[in-house]
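Visitor: Model the structure of this input:
(2 chains)
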Amino acid sequence: MTDILTIKHLRVEGHPPGGAYVPIVKDVSLNVGKGEVLALIGESGSGKSTISLAAMGFARPGCRIAQGEVWLNGRDIMALSPRDRHALRGDEVSYVAQSAAASFNPALRIGRQVIEAPLWHGASDAAALTADAVNLYRKLDLPNPETVGQKFPHQVSGGQLQRLMAAMAMSCGPDLMILDEPTTALDVTTQIEVLKAFKDIIRDQGTAAIYVTHDLAVVAQVADRILVLKNGEMVEAGPTDQILHDPQHDYTKTLMAAVRPAPHLVDHRDTVAARPPVISARTLTAGYGTVTVLSDVSIDVPAASVVGVIGESGCGKSTLARVFAGLTPLRKGEIMLDGKAVAPNLADRPREALKDCQIVFQMADTALNPRHRISDILGRPLEFYQGLKGSARADRVGDLLELVDLPRSFASRYPGELSGGQKQRINLARAMAADPKVILCDEVTSALDTVVAAGVIDLLKSLKDRLGVAYMFISHDLSTVASFADEVVVLYAGRVVEKGPSKAVFSPPFHPYTKLLLSSVPEMQQGWLEGVANTIEAKAASAGSVVIGAKGCPFSNRCALAISGTCETVVPPVRELSGGLQIACHLPADHLPLS
Amino acid sequence: MSDTSDIVVPRKPTFAGLRLTRTAIFAGSVLLFWLVLALFGPWIAPHGEAEIISGQTFAPIGEGGLLGTDKLGRDVLSRLIYGVRTTLLLALVTTVISFAIGVTLGFAAAILKGWFDIVVSRIVEAFMAFPSTLLALVVIGAFGTSITVLVLTVGLVLSTSVFRVSRALGYDIGVMDFVEAARARGEGTWWILTREILPNSTAPLIAEFGLRFTFSILFLSGLSFLGLGVQEPAADWGLMVQENVGGLFLGSSAALIPAACIASLTVSMNLLVDWFQQRQQGETVLEKIDQ
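Guide: Coordinates of the predicted model:
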C-alpha cells in the first residue's frame, strides 16, 4: 500500500500570550495509506486537532511546527515555501471542520462555496465544476441535488450542511481528507446520515483520511486504524479491532472503560414510591418573540429524585429549564413550586422561591464570572439568600468546596485557574450554596470529556443521596440519562412525546421517535452503522427535519409509521400504558414499535 | 478523580506581564514627560504665564525666550509649560464626565432594554446627528463662555460615543451565562451592572478612554482656536495656536510649536492605546508578523 501521508517525529509548540513556547505535540509519527482511514482519539487538549492541521503543514496562530517532517504524496511539504503549501490545500489535501454552520459564509449561495477551491486552483470552469458538484450531492444522498446548490446555508439543516461541507472538501478530488470532529456537534439521528455519507464517499474515491474524534463508538464505524493520544504524545496505535477489543496501554483501557453502554442495556433505577413534586409545570406554553418553542408541556419533578429530559437540539430542553427558572416568561400554563403556584417572571418571585430552584448551565466556563474569585462566586449566594457574612461565609465556602470534592484552598482562585471539570463542580457548588430543593441541570456534562463527566455524574448522585436534592437533568446523552434518571421525559419539537419511569421509557413499547433516538446511539461494534443506516426508520427520519409548531403530530414528517391523513392534522392522544408510561401517538398501544 | 486534582497555573509576575514594546515605551515616555511638566510646571517655567518679557513680538527661536515670543511678547516656552496643565486637566475632566454619563446610561440601556433603551438611544442618536463642533458652538453660545459650561458641554458631546460603545459591550456581556446566573439568583440591576458587567469590560473601556482623551484634547483645542474655549490670559495649547496664527506670515513658529505639542500628546496616546489593545488580544503586531 502506498502512503499518501507520512509524518515523522512531529513536534508542535505553542505559546500563551506573552509566554514562552511549550510543546503541544511531542514526537508523533504516523502514516496514512490510500483509501485508509486513520482515527486520532484522545481527550480534549491531547493534540488531536493540532496534528491534523500539521498534516496540511499548518499551525494555528500562536503555534509553530518546531520539528519533524510531513510527507504528502512523496514530498516533504515543510520544505516547501508557504506559497507552495497554499497551493496544496484544497487541491491535494482538504479539511472538514467541526461546525459546518460556522464554516460556510452565510451571505453566499452554497454551490458557489462548494466549487470555490477547485475554481481558485483553476481545475476547470464553473459550469463543469457545478455539474461535478451535483454528482457529489447525489452520492452524499442530499435531497434535491440539482437545486441544493442554489440555497443559502441557513436554508438547509445542520446535517445537510455538514454533508455539503464534505462535498466542498471532496470537490477538488483530494488525496487526503482531514475530518476534525465532523459529527460531534450533530444530533445522533443526523450523525448517522453524515457518517454514512463520509464513509461511502471515502470508499468510492479511495481517499486517505484522518478522522479526529473523542467518540469511540463513532471510531468503531469509520476507522481502519486508531492512534491514541494523551497530552500530545502517542500512547498506542493499532488496527481498530485490536484497540477497541484488546487495548494494551493502561490509558487506552481507561478510555474504553469510560464508554457507556447503550441506553437500553444499563441498569435502570428502580421506580421510587410516589413522592410529592417539588417543581412541576402544568400545560406550559413558552417561546421567544413570535416563535412558540414549548407547547402544552406538563412535567413533575418529585422530591429527591432525578427527572431526565431528552431530545435533540432545538426541541426546547433548555427553554424548559429557563422557564422553570423564570429567565424566559411562560405564555400559558403555570409553574408550581412545592405545591404553590409561582410567578412566571423571576422579578415577581419571592427570594424564597428563587432559592429553592437553582440552575446550572452547560458551559462551565462562561457561567462563572472570570473576574470574581471562587470565594466571591460561592459567597454571594450565601450572603444573598442566607445573610452570611465574614468568617461564617468563608467557612461555608470551604465546606461547599469540600462538598464538591475540591480543596478548600481553591477559594482564592479565579475561574481561569481551574480545569473544565473543576469549573463545573464550582457551578454545582454555587447552586448548592442556596440550599435548593431542585437543581435544573442543563447539559451539565455535555461539554466535558467522558472520564471527567463520569466524575461529575457521581458527584450529582452522592449529593442527591446525602442532601435529598432533586434534579431536572437535561441531556442529549441517552446513556447518561438512562443510568442516572428515575423518570424520563422525551421532548420533540417542544412537545412531550413520551414520559414515564426510566425503565419503562427505555424498554418497549416505544414512541416511534424514542425508538429512533435509541437506535441512533452509536454502538461500539464495527458494522453497526451499515445496519442501522438502512432501516426504514432512519431513512424516513433523514427525509424530513424538525418542524416547530406543527398542526398535528410534530414527528409525522419523519415517522416511518405515520398514518397519512391523521398524523399531520390531528394532535395525537396521550395513551396511558402499564407501568406509568405515557405515549403521545396515534398508533394504538399494540401497534407501537417494540424493539 | 482526575478533575479534582490540583493543576498548577502560575500567575504572571506583574511587571514582566506588561510586555512593553518599543513604541509603548516611547509613547509612555512622551506622556510621562508632559505629565511631569504639568505637575511641576510653575517651578520649571523661566517666566510667568502672562508675563511680557520682550518688546519684540513674534521673536524667533533663541531671541527673547528659548522658543521665541508670541504676539504680545510673552515667552512661548513658559506659556507652553503652563498650557500643558490646562490642556491635560480639561481633557481629563471632560473624559471622566463623558464616561460617567456614557457608561452608566449605556450599561443601563443594555440591561434594562425595552423603553429605557429606546428612549435613551434615540436621544443619543439625535445628539450624534449634529456635528459635534456645531453642537458645542450652540450650547456655549447660549450659556456663555465659562470653564464649567465648556467642560460640561464637551463631556456631554463626547459621552454619546461612549454610550454607544458601552451599550454594545453591555449587550455582549449581558447574554453570558454568568450574568444569567446572577439574574436567576434574583440580583438587581445595580449589582449586575457594577459586579458582573463592569469588571469584564474594563479592557475595552480603558482603550476607549484613551481614544476619547485624545479626541477631547483635539476638540478642546479646536474650541479654543475658535475662541470658545479657555480665555486669555490663561495659557492653553489650542488657544496659543489661535493667538499666534497671524505670526505664521511673519515667519514665526509661535503657532507651530503648540500645534506640534498637541500632535505629540495625541499620537503618543493613540500609540499607547494600540499597544494596550494588542496586548489584550494576546499578540502585538510584531509578533503576528513574526509568524
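Visitor: Distance check, A:Arg203 against chain B.
Guide: Noted for A:Arg203: a distance of 38 Å to chain B, by CB to the nearest CB, to the nearest Å. All C-beta atoms are positioned from the backbone trio N, CA, C, and that covers glycine.
Visitor: what do you get for A:Pro302?
Guide: 22 Å.
Visitor: now do A:Glu36
Guide: 32 Å.
Visitor: Now that residue: closest residue in space, sequence neighbours ignored.
Guide: A:Asp224 (5.0 Å; CB to CB, 6 or more residues apart in numbering or on different chains).
Visitor: next one: B:Phe99
Guide: Per CB to CB, 6+ apart, closest to B:Phe99 is B:Val162, 5.7 Å.
Visitor: backbone phi and psi for the one you found, please?
Guide: Taking degrees, to the nearest 10, you get phi -60, psi -40 for the backbone angles of B:Val162.
Visitor: Mind pulling up the pLDDT for the residue nearest to A:Glu36?
Guide: The score at A:Asp224 is 91. That number is its pLDDT.
Visitor: Run a quick neighbour tally on it.
Guide: When neighbours are counted by other CB atoms under 10 Å in any protein chain shown, A:Asp224 registers 16.
Visitor: and if you look at the one 4 residues further on?
Guide: Around A:Val228 there are 22 other residues, counting by other CB under 10 Å.
Visitor: contacting residues for it?
Guide: A:Val228 makes contact with A:41-42, A:234-237, A:243, A:249, A:251-252, A:255, according to CB atoms under 8 Å, 6 or more residues apart in numbering or on different chains.
Visitor: for B:Gln56, helix, strand, or coil?
Guide: Secondary structure of B:Gln56, reduced to three states by DSSP: H, G, I helix; E, B strand; the rest coil: coil.
Visitor: Please look at the residue nearest to A:Glu36 and A:Ala237 and confirm they touch.
Guide: No - between A:Asp224 and A:Ala237 there is no contact under CB atoms under 8 Å: 11.9 Å.
Visitor: Please read off the pLDDT at the residue nearest to the spatial centre of chain B from the model.
Guide: The centroid of chain B falls nearest to B:Phe213 when counting by CA atoms, centre = their mean (0.6 Å). pLDDT, B:Phe213: 89.
Visitor: hmm, which helix or strand of chain A has the shakiest average pLDDT?
Guide: Within chain A, no helix or strand scores below helix A:536-543, which has a mean of 76 by mean pLDDT, DSSP states H and E.
Visitor: re the thing from before, and the contacts of A:Val228 as TSV, adding neighbour count, distance to A:Ile335 and pLDDT?
Guide: Shown next, in TSV, are these (neighbours: other CB atoms under 10 Å in any protein chain shown; distance: CB to CB, whole Å; pLDDT from 0 to 100):
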residue	neighbour count	distance to A:Ile335	pLDDT
A:Ile41	25	43	89
A:Gly42	25	43	85
A:Met234	20	53	90
A:Val235	19	49	90
A:Glu236	20	51	91
A:Ala237	18	54	91
A:Ile243	26	49	88
A:His249	16	51	90
A:Tyr251	18	46	88
A:Thr252	22	47	87
A:Leu255	24	42	83
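Visitor: which of those lies closest to chain B?
Guide: A:Tyr251 (11.2 Å; CB to the nearest CB).
Visitor: ok, that closest one - contacts?
Guide: Contacts of A:Tyr251 by CB under 8 Å, 6+ apart are A:228, A:230, A:235-236.
Visitor: Which strand or helix spans it?
Guide: Using DSSP states H and E, the element containing A:Tyr251 is helix A:250-257.
Visitor: can you give me how far that helix is from the chain middle?
Guide: In terms of CA atoms, centre = their mean, to the nearest Å, the centre of helix A:250-257 is found 21 Å from the chain centre.
Visitor: now swap in stretch B:19-37 and tell me
Guide: For stretch B:19-37, the gap between its own C-alpha mean and the chain's C-alpha mean amounts to 15 Å (CA atoms, centre = their mean).
Visitor: Tell me the bridge partners for A:Leu40.
Guide: With DSSP bridges as the criterion, A:Leu40 is bridged to A:Val212, A:Leu227.
Visitor: That one touches A:Thr50, doesn't it?
Guide: No - in this structure A:Leu40 lies outside contact range of A:Thr50 using CB under 8 Å: 9.9 Å.
Visitor: so how far is A:Val148 from the residue nearest to A:Gly494 when sequence neighbours are not counted?
Guide: Nearest residue to A:Gly494, sequence neighbours excluded (CB to CB, 6+ apart): A:Gly316, at 4.1 Å. A:Gly316 is 28 Å from A:Val148, where distance means CB to CB, to the nearest Å.
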